[in-house]
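Q: With the sequence up front, the predicted model follows.
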Amino acid sequence: EAQVTQNPRYLITVTGKKLTVTCSQNMNHEYMSWYRQDPGLGLRQIYYSMNVEVTDKGDVPEGYKVSRKEKRNFPLILESPSPNQTSLYFCASSSSGTWDTQYFGPGTRLTVL
Amino acid sequence: QKEVEQDPGPLSVPEGAIVSLNCTYSNSAFQYFMWYRQYSRKGPELLMYTYSSGNKEDGRFTAQVDKSSKYISLFIRDSQPSDSATYLCAMTPNTNAGKSTFGDGTTLTVKP
C-alpha cells in the first residue's frame, strides 16, 4: 500500500529541547515536503526536497532544518523549539513532474510548552 | 497581502446542492492549480489539478481556472454528506512538485 508515515503522531515537549519528526514514504518518490497547518493561516510549506541531498526553503523555514540522505526519508528537525512552533505538521511526497501522485502523511501534532 | 486568498466559509448546504468553492491569487506566474480535500484529523488528499486556464471534470467535481481574472473554482454537483470536509486550493508555477502556495481552506458541511 502506498503511504507516507510520520512519527511521532503526537508530541508535547518543552522550549529548547531538540526534536526530530520523521517522515518516510514507500513509493520511491523524488519530491518530499514539510508543511505546517495553523488555524487561520492554512497550510504553509516549510521545506521541500527534489531528491537526495537537494533541499530548498519553502515559505516558513525559520527555526527548522531538514536533511535528505535517503530517498525514502525526510526528517524535520527543530533544534531549539519555541512555543510558536506549536502546530500540526504534515509531510508529503510526490513523483517528479506529476502533481497527481502527491500523498500526504497523517500529520504530527506538536505542542511546545 | 497573501498570494492566495480563499473564500473563508464555513459553508453549509443541503444534500444534493451544487457547491462552489473559490480562490483568487495575485502571482501571475502560477501555472498549476490544485484542489485538496481534508477530512477532520486527516492529511490533505489531492482531488484535482489543472494546468493553465480551462475546465477539468472528474465525476461530480469540476475544477475551473480563469487566469485572466486570477480566479479558480471547484464545483461539486449533487453534494453528499461524505463531501463534508475542508477544501484547500493550492498553486505553483512549476510542473515539478516542489514549492506550492495554499489557500487557508473552506470548511464545507453537507446536511442530510
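A: Received, thanks.

Q: switch to C-alpha atoms for all contacts and neighbour counts from now on
A: Will do.

Q: Can you show me the helices along chain A?
A: Applying DSSP state H to chain A gives no helices.

Q: what about the longest strand in chain A?
A: Counting by DSSP state E, the longest strand found in chain A is strand A:42-51.

Q: What's the separation between A:Thr5 and chain B?
A: From A:Thr5 across to chain B, the span is 11 Å (Cα to the nearest Cα, to the nearest Å).

Q: same thing with A:Val14?
A: With distances taken as Cα to the nearest Cα, A:Val14 is found 24 Å from chain B.

Q: who touches that residue in this structure?
A: With contacts defined as Cα atoms under 8 Å, 6 or more residues apart in numbering or on different chains, A:Val14 is in contact with A:81-82, A:112-113.

Q: Redo the residues you listed as TSV? Include neighbour count.
A: Converted to TSV, those look like this (neighbours: other Cα atoms under 10 Å in any protein chain shown):
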residue	neighbour count
A:Pro81	21
A:Ser82	17
A:Val112	17
A:Leu113	14
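
Q: Give me the subset of those residues lying in strands.
A: Short answer: the contacts of A:Val14 in strands (DSSP E) are A:Val112.

Q: What are the contacting residues of the longest strand of chain A?
A: The contact list for strand A:42-51, computed with Cα under 8 Å, 6+ apart, reads A:30-37, A:55-61, A:64, A:66, A:68, A:71, A:96, B:98-105.

Q: how far out from the middle of the chain is that strand?
A: Centre-to-centre, strand A:42-51 and its host chain are 7 Å apart (Cα atoms, centre = their mean, to the nearest Å).

Q: any idea how far the closest residue to A:Gln6 other than its chain neighbours is from chain B?
A: Of all residues not flanking A:Gln6 in the chain, A:Cys23 sits nearest, at 4.6 Å (Cα to Cα, 6 or more residues apart in numbering or on different chains). Here A:Cys23 is placed at a distance of 13 Å from chain B (Cα to the nearest Cα).

Q: mind listing what residue 40 touches?
A: Using chain A. Neighbour list for A:Gly40: B:Asp104 [criterion: Cα under 8 Å, 6+ apart].

Q: wrong chain, I was asking about chain B
A: Contact analysis of B:Ser40 by Cα under 8 Å, 6+ apart lists B:85-86.

Q: The same query, at a cut-off of 7 Å, please.
A: With contact taken as Cα atoms under 7 Å, 6 or more residues apart in numbering or on different chains, B:Ser40 is in contact with B:Ala85.

Q: Which secondary structure element is home to it?
A: B:Ser40 is part of no helix or strand, with elements assigned from DSSP states H and E.

Q: Chain neighbours aside, what residue packs nearest to the spatially most central residue of chain A?
A: Here the mean C-alpha position of chain A is nearest to the C-alpha of A:Trp34 (Cα atoms, centre = their mean), at a distance of 3.0 Å. Spatial nearest neighbour of A:Trp34, chain neighbours left out: A:Cys91 (4.6 Å); criterion: Cα to Cα, 6+ apart.
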